[in-house]
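**Q** starting from these lines, generate the structure:
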Amino acid sequence: MNELTRSKVQQRTLWVLAVSQVFGTIGVGVAPSIGILLAEEVTSSQAWAGLARTASTLGAALLGLPLGNLAARYGRRIALSSGWWLAAVGALLLVPAAQFHLVIPLFVGLLLIGAGSAISLQARFAATDLATDERKGRSLSLIVWVGTIGTVLGPNLGIPAQQIGAATGLHVYAGAFLIAGIAMVLAGVLVFSLMRPDPLLLAQQLERDVEAAVPVRQRGGIQRFVAELRTNKRARYAVVAILSAQVVMVAIMTMTPIHLTHHGGSVSLVGVTISLHILGMYVLAPVVGYVADRWGYRFSIAVGLVIFAGSFLAGGAHPQNMGWIMTSLILLGVGWSFINVSGSALFARVITKQDRASVQGGVDALSNLSGATAAFAAGPLMAVSSFSVLTIIAGIVLIPLAWMTVLPPKAEELKG
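**A** As a prediction, the model looks like this:
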């Protein structure tokens, strides 16, 4: 296959991923907002509601590696479509859970909808399968960026759901998850029907002649992931970047709404602050991809660390000022974007090609698990300290990444 044909397949892949990502993330976006409201209504308990909210994050962590292994065995088309359809099943289970206040379908549905989060992460790696090394950052960041549309629309599904409820008698939360389920079914259909040829299988075919002498390894997904990190220094650096950014972002974002309300902030102010934070996470992704490709991943991660420092300073030094807290959350999102997009693009570039999909699934699973752990730990931590202390601890978490970033790279690592 010549480079022109490969480029055309890559363009088609990006188009399919972008459109399906919009539909899919609309469904995923409903879980953190309407999902927790549904959980509180069904369980009549804030504690159980928080546990139910964690179920979707846990589902993403548990399903990330199996979906990565599925891609390694059968290709991106099968893995991505299966993930969206599994998440759709979860969303549709939440329809009767909302309508009839059923606890077990509530937890199972939220757990399965986590497959949508896992597969939306895998989609960004799928964008790099056929990309040249010089364009991996921009290809990955495009898929991250289009996810903004669904992430913003998803929490607002209650508006059309009210119209459905008025016409059918369906509970507003049930209507929201019905729309989410349909959106994720469509995402799976788009991928399954249009992602041909499969980018991962085609990439493997193009690499087969070069690697024909290398025996196929039969280790499981976890073993492959651990082996990759043990032997690949740049992959370790990328994973430290991804996990550090995720832990810091989730911990602070989770506690900011509580901090704002405790200091007189309204529900509207909380909503605007979180919306601006989410925009900060995604809207500049194409810029991040360009910076990473143009000046190197290490430089881009360093920019993210500086922005994170600005976020901690704004929030930690002015914890009672609503304007500064809002600024802190915007900077938190932008800093996360620089580090996460750059780390993910670097990881896609340097991992062993044989283990690509399985190892990518492993880092996504670990990222989701780290985020869930951070969210769980942030509450008790702030309860015994303060928002300012939380920002200080977040800064401490980033010290290993900062140290790895400023260490002089070897000659072969200069572009990374």
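**Q** where's the residue positioned nearest the centre of the chain relative to Ser344, distance?
**A** Central residue of the chain (Cα atoms, centre = their mean): Leu121, 5.0 Å from the mean position. Relative to Ser344, Leu121 is positioned 8 Å away (Cβ to Cβ, to the nearest Å). Just so you know, the C-beta spots here come from the backbone N, C-alpha and C atoms, and that holds for glycine as well.
**Q** now swap in Ile143 and tell me
**A** Per Cβ to Cβ, Ile143 is found 10 Å from Ser344.
**Q** what do these two both touch?
**A** Residues touching both Ile143 and Ser344 (Cβ atoms under 8 Å, 6 or more residues apart in numbering): Arg124.
**Q** burial count for Glu184?
**A** Residue 184: Met, not Glu. Neighbours of Met184 under the rule other Cβ atoms under 10 Å: 33.
**Q** the helix or strand hosting it: which residues count as buried?
**A** Secondary structure assigned from DSSP states H and E places Met184 in helix 172-194. Within helix 172-194, the residues that count as buried by 16 or more other Cβ atoms under 10 Å are 172-188, 190-192.
**Q** element containing the spatially closest residue to Ala131 that is not a sequence neighbour, please.
**A** Excluding the flanking residues, the one nearest Ala131 by Cβ to Cβ, 6 or more residues apart in numbering is Ser139, at 4.1 Å. In the assignment (DSSP H and E), Ser139 maps to helix 136-153.
**Q** pLDDT averaged over that helix - what is it?
**A** On average, the pLDDT along helix 136-153 is 87.
**Q** try stretch 25-34
**A** Averaging pLDDT along stretch 25-34 yields 82.
**Q** residues in contact with that stretch?
**A** For stretch 25-34, the surrounding residues in contact (Cβ under 8 Å, 6+ apart) are 53, 56, 87-88, 91, 110, 113-114, 116-117, 120, 147, 149-155, 157-158, 173, 176-177, 179-181, 183-184, 187.
**Q** before we move on, what about stretch 333-340?
**A** Contacts of stretch 333-340 (Cβ under 8 Å, 6+ apart): 144, 241-242, 244-246, 248-249, 276-282, 284-285, 288, 291, 300-301, 303-308, 310-311, 401.
**Q** quick check: chain neighbours aside, which residue is closest to Leu130?
**A** The spatial neighbour of Leu130 that comes closest, neighbours along the chain excluded (Cβ to Cβ, 6+ apart), is Gln10 at 4.2 Å.
**Q** just the C-alphas of stretch 385-398, formatted as PDB.
**A** C-alpha atoms of stretch 385-398 as PDB (Å, rounded to 0.1, in the frame of the first residue of the first chain):
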ATOM      1  CA  SER A 385      -7.900  20.000  55.900                       C
ATOM      2  CA  SER A 386      -9.000  22.700  53.300                       C
ATOM      3  CA  PHE A 387      -9.100  23.400  49.600                       C
ATOM      4  CA  SER A 388      -5.800  25.100  49.800                       C
ATOM      5  CA  VAL A 389      -4.200  22.000  51.300                       C
ATOM      6  CA  LEU A 390      -5.700  19.900  48.600                       C
ATOM      7  CA  THR A 391      -4.000  22.100  45.900                       C
ATOM      8  CA  ILE A 392      -0.600  21.800  47.800                       C
ATOM      9  CA  ILE A 393      -1.000  18.000  47.800                       C
ATOM     10  CA  ALA A 394      -1.800  18.100  44.100                       C
ATOM     11  CA  GLY A 395       1.400  19.900  43.500                       C
ATOM     12  CA  ILE A 396       3.300  17.300  45.500                       C
ATOM     13  CA  VAL A 397       1.800  14.500  43.300                       C
ATOM     14  CA  LEU A 398       3.200  16.200  40.200                       C
END
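**Q** buried set for it?
**A** Phe387, Ser388, Leu390, Thr391, Ile393, Ala394, Gly395, Val397, Leu398.
**Q** mind listing which of these are in strands?
**A** Residues of the buried residues of stretch 385-398 located in strands (DSSP state E): none.
**Q** still on that earlier bit, who's in contact with the residue nearest to the centre of the chain?
**A** So Leu121 contacts Ala60, Gly64, Asp364, Ser367, Asn368 (Cβ under 8 Å, 6+ apart).
**Q** and if you look at Gly175?
**A** Taking Cβ under 8 Å, 6+ apart, we find Gly175 in contact with Leu157, Pro160, Ala161, Gln162, Ile164, Gly165, Thr168.
**Q** pipe those residues into TSV and attach neighbour count per row.
**A** Putting the contacts of Gly175 into TSV (neighbours: other Cβ atoms under 10 Å) gives the following:
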residue	neighbour count
Leu157	25
Pro160	15
Ala161	24
Gln162	14
Ile164	18
Gly165	17
Thr168	11
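**Q** now tabulate the residues you listed in JSON lines and tack on pLDDT and secondary structure.
**A** Shown next, in JSON lines, are the contacts of Gly175 (pLDDT from 0 to 100; DSSP: H, G, I helix; E, B strand; the rest coil):
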{"residue": "Leu157", "pLDDT": "84", "secondary structure": "coil"}
{"residue": "Pro160", "pLDDT": "88", "secondary structure": "helix"}
{"residue": "Ala161", "pLDDT": "88", "secondary structure": "helix"}
{"residue": "Gln162", "pLDDT": "88", "secondary structure": "helix"}
{"residue": "Ile164", "pLDDT": "91", "secondary structure": "helix"}
{"residue": "Gly165", "pLDDT": "91", "secondary structure": "helix"}
{"residue": "Thr168", "pLDDT": "91", "secondary structure": "helix"}
